[in-house]
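Participant: Coordinates for the following, if possible.
(chains A and B)
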Amino acid sequence: MQQRPFVTWVLLGVVAAALAILTLAVYSVVPEESGMREQLPMVITLAGVGLVGVGLVGWFLLERLLMRPTRKLSRGVRALLESRQADQEIILPRRHALGDLTKAVDALADALRKSRRETRKAMQSATAELSEQKTWLETILQGLSEGVLVCNRQHQVMLYNRAAVSILGHPEAIGLGRPLFNVLSSPPVQHTLERLERRHGGDVDLPAELSAPFVCTSADAQRMFHGRMALIQNSQGQITGYLITLVDISSDLSRLAQGDAVRRALTRDLRGVVGNLRAAAETVASYPEMKPDERRSFDEVIRSESEKLSEQIDDLAHQIRGYNLGRWPMADVFVGDLVNCLQQRLKDLPDVRVTLVGLPLWVHGDSLSLMLAMDCLVRRIHEYAGATTYDVEALLGDRRVYVDISWAGDPIPTSELNRWMESPCADDEVGAQRLGDALERHGCEPWSQSAKREGYALLRLPLMASHRPQFMQEEERLPARPEFYDFGLMQEYAGDKTLAAKKLAELSFVVFDCEMTGLNPEGGDEIISIAGVRVVKGRVLTGETFDRVINPGRPIPPGSIRFHGITDEDVQDKPPVEVVLPQFKSFAGDDVLVAHNAAFDMKFVSMKEREAGVTFDNPVLDTLLLSALLDGDEEDHSLDALCDRYGIAITGRHTALGDTLATAELLVRIIERLEAQGYRTFGEVMKASHMAAELRHRSAVFSASGEGMESARS
Amino acid sequence: MKSDSILVVDDEPNIVLSLRFLMRAEGYPVHVAVDGHQAIDLAREHQPRVVLLDLMLPGQDGYEVCQQMRQTPGLEDAGIIMLTARGRETEREKGLALGADDYITKPFSTRELLDCVRQYMAGPARQDQPSGQIGPTAVAGSM
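Facilitator: Predicted coordinates:
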């Protein structure tokens, strides 16, 4: 039974009854013949007005001290019951006449929280071991240089590692639950899968080898991979998914082409020319009595074929330049590390000091040979020129990295340097190879010259530059322990179901938030940053975030800077919104978009759709409306208040990413409560949320303050 | 009746010059064809005892010419020597399988070539060369 109407009717009844009793009493007490009878209606009216007044005051007191506190208390209890969190607080009414009830409820809540904490603790210790094993697995996976992807039968990615992201090249297109064929060309994968499945299903006696190699390209055909696919079976032997490992062979292809050129030259092109030459030369030699005009034509053959031969050799040398370099096992070597090792090795020469100057760079080579060669060179220079302090500096050339060893004194004469090249490099470490061999393997032809600095000389080692970017921290793009997998997707046999019938827990959401120059999109305010994070199966995938600062193409009002902290300098080298929105669309795919007060953000986004050439036709959910749906309109549904209530810590409030992550956590809690209240499918929630929006809209129209929306935005 | 003549099939004048000179110096009549068609025509007409056949010809390649010659009446036992810059083992196998008697890779020694030609001039070429001598052997058992 509804409390408020009940109390209202009872009060009305009491007032009416009191009035009736009063009327009867007055008429029975006052004698008929007395002159006071005429005044009675006035007295009764006055008494009635008094009674109604008392009734109203009574109703007001009841509402304030009993009914509202009761409602607030029951909302709190309900929220606590429906939430699975241990730190859900019950907000107690401050003024009330519920007596000890609030304290009792609070004590009950404490007890519940305590028992939840205990349960959680027990679960935590039970899962700690599991999580340690998981960490091991993750570390191994992330350490692999091969790209690893696991997909379900719908070709949705369920696991990927960092190498996969970097070799596939489109970090925003790879994500849990996203289609594999966004990043990889489908025919080779489908074909290999089909082949393996046939092999798996077939009744061949052969031991079923459930993996196969294949070659494929990235979806944009920019890169080429050597892949291997293995089927994943469940305990019943059904195929539930597959594993793909990928190695980038794009760079190997040019090597292969060079190899082909060498082979073709040796088996065909050069043979023809040399064949002609040799036949002519031998004929001329064997028949000295040849007639002069015959002899002339042979001379002509010898001349023209020799010319052809030298042209072909030049051509071949050009094609295979550097072909054999890098055949020795080589890796990217940091010059800083080389110099460190060098300093350690030269400890036996106490007066020799080697200093690294300038920015150290990456070279491609065999670290040990390079270090030994440098050690050897410094010792030889020390013996020859007597210098004791050496600077080592790496310089970036067009195609190579130059490592200069410089000292005070004269350059080393070439004949001396050549002598060093012939001598053994190190005593025993690398099989007593010559210094020249070690350097030649790196395509390195060293020379000595005077340095720019007066009175100094240098020895220059031109080395192969590494392919990695010289000045970028490579681990920066992804956080340390991102969530890269979700095997729950394995169970998802989606595709034919419509979105509305989808279970809440199975939806993939992209929660997002924008920061703007102001509150008025029609008045020229623009988006200056946008962030998003994926939420799949009740998990906030902090490894799959999108975070961009946008150049709004207008000055940022100083008043707004104190909210978002983004200044004109911060945006000057940033892309405009028409570059960033398509990237965000690619990140969001067809997932459900979620924001706190989504209408506001969507308004800004939709105004830029035409410019950016993308359409956000994704379904949209609003955590503000969902919260209102759960707790009614009386509560404060601003992001700050909700985070307080749900015990969510916001780091970076009023940055797009900070607000996004907080909203994502909020979404997870809200979905838990929606499920506890019996909402099952996305369609049900959408319908209820539309109703909540409608109600809220109506109350906003009627109430003059309408501060719910405003405060929620601040 | 077969003549003692030699047919040189090659489109490169620079090697044809040497081959023609060498063979003439040895006293053999020499005919020169620069493509497959001409080679077949000249072979029908002159019934050469030895054919020096290049593999890389314009139009029909040497393998095809070799096959056709073997099917041409009167040429079944001519000595066909493939003279080519294609030096891979598989190409040699293919040449011999398609009916060539010898396969000489460029660059070659002129003395060896002359020895080889003399050998085919001396007697019928394809008596004691059972076909199928080279090439893969079937492996017993199932895969």
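Participant: wait, what's in contact with residue 44?
Facilitator: Answering for chain A, as no chain was given. Contact analysis of residue A:44 by CB atoms under 8 Å, 6 or more residues apart in numbering or on different chains lists A:19, A:22-23, A:26. Where you see a C-beta, it was placed from the backbone N, CA and C, and this is true even at glycine.
Participant: um, chain B though
Facilitator: For residue B:44, the contacting residues are B:72, B:74-75, by CB under 8 Å, 6+ apart.
Participant: Just among those, which is most surrounded?
Facilitator: residue B:75 (20 neighbours; other CB atoms under 10 Å in any protein chain shown).
Participant: Surely that residue is in a strand?
Facilitator: No - if the criterion is DSSP: H, G, I helix; E, B strand; the rest coil, then residue B:75 is coil and not within a strand.
Participant: Could you see whether chain A lies near stretch B:85-99?
Facilitator: Yes - contact of stretch B:85-99 with chain A (CB under 8 Å from any CB of the partner chain) involves B:85-88.
Participant: what's the closest non-adjacent residue to the residue in chain B that chain A sits nearest to?
Facilitator: Closest approach of chain B to chain A (CB to the nearest CB) occurs at residue B:106, with a separation of 2.7 Å. Nearest residue to residue B:106, sequence neighbours excluded (CB to CB, 6 or more residues apart in numbering or on different chains): residue A:275, at 2.7 Å.
Participant: Could you report the neighbour count for the one you found?
Facilitator: Residues near residue A:275, counting by other CB under 10 Å, number 24.
Participant: ok, it - contacts?
Facilitator: Per CB under 8 Å, 6+ apart, neighbours of residue A:275: B:15, B:85, B:106-108.
Participant: Give me the secondary structure label for it.
Facilitator: Of the three states, residue A:275 takes helix according to three-state DSSP.
Participant: That one and residue A:296, how far apart?
Facilitator: From residue A:275 across to residue A:296, the span is 21 Å (CB to CB, to the nearest Å).
Participant: In chain B, what residue spans correspond to helices?
Facilitator: Assigned by DSSP state H, chain B shows helices spanning B:13-25, B:36-46, B:62-71, B:89-97, B:110-122.
Participant: how far does the third one sit from the chain's center?
Facilitator: Taking CA atoms, centre = their mean, to the nearest Å, one finds helix B:62-71 lying 9 Å from the centre of the chain it belongs to.
Participant: May I see the buried residues of it?
Facilitator: Neighbour-count burial for helix B:62-71, counted by 16 or more other CB atoms under 10 Å in any protein chain shown, picks out B:62-63, B:65-66, B:68-70.
Participant: quick one: which of the residues you listed is nearest to residue A:180?
Facilitator: Using CB to CB, residue B:63 is the member of the buried residues of helix B:62-71 that lies nearest residue A:180, at 45.6 Å.
Participant: quick one, what contacts that closest one?
Facilitator: With CB under 8 Å, 6+ apart, residue B:63 has these contacts: B:55, B:94-95, B:98.
Participant: now residue A:15
Facilitator: Neighbour list for residue A:15: A:51-52, A:54-55 [criterion: CB under 8 Å, 6+ apart].
Participant: Spell out which parts of chain B neighbour chain A.
Facilitator: Contact residues (CB under 8 Å from any CB) of chain B with chain A: B:12, B:14-15, B:17-19, B:21-22, B:25, B:56, B:85-88, B:105-111.
Participant: again, only this time at 6 Å
Facilitator: When proximity is defined by CB under 6 Å from any CB of the partner chain, chain B lies next to chain A at B:14-15, B:17-18, B:21-22, B:25, B:85-88, B:106-107, B:110.
Participant: Between which two of the residues you listed is the distance greatest?
Facilitator: Comparing every pair within those by CB to CB identifies B:25 and B:88 as the most remote, at 31.9 Å.
Participant: what residues are up against residue 51?
Facilitator: Went with chain A since none was named. A:15, A:18-19 (CB atoms under 6 Å, 6 or more residues apart in numbering or on different chains).
Participant: that's the wrong chain, I wanted chain B
Facilitator: Going by CB under 6 Å, 6+ apart, residue B:51 touches B:7, B:78, B:80.
Participant: burial of residue A:591, as a residue count?
Facilitator: Residue A:591: 21 surrounding residues under other CB under 10 Å.
Participant: Then residue A:306?
Facilitator: For residue A:306, the count of nearby residues is 13 (other CB under 10 Å).
Participant: Nearest spatial neighbour of it, chain-adjacent residues omitted?
Facilitator: Closest residue to residue A:306 apart from its sequence neighbours, by CB to CB, 6+ apart: residue A:277 at 6.6 Å.
Participant: Show the pLDDT at the residue in the stretch 51-200 of chain A that chain B sits nearest to.
Facilitator: At 15.0 Å from chain B, residue A:199 is the closest residue in the stretch 51-200 of chain A, using CB to the nearest CB. We have a pLDDT of 77 for residue A:199.
Participant: What of residue A:269?
Facilitator: Confidence for residue A:269, expressed as pLDDT, is 80.
Participant: who's in contact with it?
Facilitator: Neighbouring residues of residue A:269 by CB under 6 Å, 6+ apart: residue A:312.
Participant: Check for me that it belongs to a strand.
Facilitator: No - assignment of residue A:269 by three-state DSSP gives helix, placing it outside any strand.
Participant: Would you mind measuring from it to residue A:13?
Facilitator: Taken as CB to CB, the span from residue A:269 to residue A:13 is 112 Å.
Participant: just residue A:229 next, same as before
Facilitator: Plainly put, residue A:229 is 78 Å away from residue A:13 if you go by CB to CB.
Participant: So those two - more neighbours on which side?
Facilitator: Per other CB under 10 Å, whichever of residue A:229 and residue A:13 has more neighbours is residue A:229, with 22 against 11.
Participant: can you count the residues close to residue 110?
Facilitator: No chain in the question, so chain A it is. Residue A:110: 11 neighbours (other CB under 10 Å).
Participant: Chain B, not that one
Facilitator: Per other CB under 10 Å, the neighbour tally for residue B:110 reads 20.
Participant: Now do the same contact list for the nearest residue to residue B:92 once chain neighbours are set aside.
Facilitator: Once flanking residues are discounted, residue B:92 sits nearest to residue B:103: 4.6 Å by CB to CB, 6+ apart. Taking CB under 6 Å, 6+ apart, we find residue B:103 in contact with B:82, B:92, B:95.
Participant: circling back: closest one of the contacts of residue A:44 to residue A:613?
Facilitator: Nearest to residue A:613 among the contacts of residue A:44: residue A:19, at 73.1 Å, using CB to CB.
Participant: Buried residues, the helix or strand hosting the closest one. List them.
Facilitator: Assigned by DSSP states H and E, residue A:19 belongs to helix A:3-29. Of the residues in helix A:3-29, A:7-8, A:11, A:15, A:18-19, A:22-23 count as buried by neighbour count, 16+ other CB under 10 Å.
Participant: Below-threshold pLDDT in chain B: ranges please.
Facilitator: Applying pLDDT under 70 to chain B flags residues B:1-2, B:124-143.
Participant: Next, the angle from the longest strand along it to helix B:36-46.
Facilitator: Ranked by residue count and defined by DSSP state E, the top strand of chain B is strand B:79-84. Angle, strand B:79-84 to helix B:36-46, by axes from the mean of the first three to the mean of the last three CA atoms, to 10 degrees: 160 degrees.
Participant: Okay, now the sheet partners of strand B:79-84, with direction.
Facilitator: Its sheet considered, strand B:79-84 pairs with strand B:50-53 (parallel), strand B:102-105 (parallel) by DSSP bridges.
Participant: Please tell me how far residue A:355 sits from residue B:97.
Facilitator: Distance of residue A:355 to residue B:97, given as CB to CB: 69 Å.
Participant: now do residue A:260
Facilitator: For residue A:260, the distance to residue B:97 (CB to CB) stands at 25 Å.
Participant: before we move on, what about residue B:22?
Facilitator: Residue B:22 is 28 Å from residue B:97, by CB to CB.
Participant: out of the two, which sits in the more crowded spot?
Facilitator: Legend: neighbour count by other CB under 10 Å for residue B:22 and residue B:97, higher for residue B:22 (23 against 13).
Participant: Residue A:236: what secondary structure?
Facilitator: Here residue A:236 is recorded as coil under three-state DSSP.
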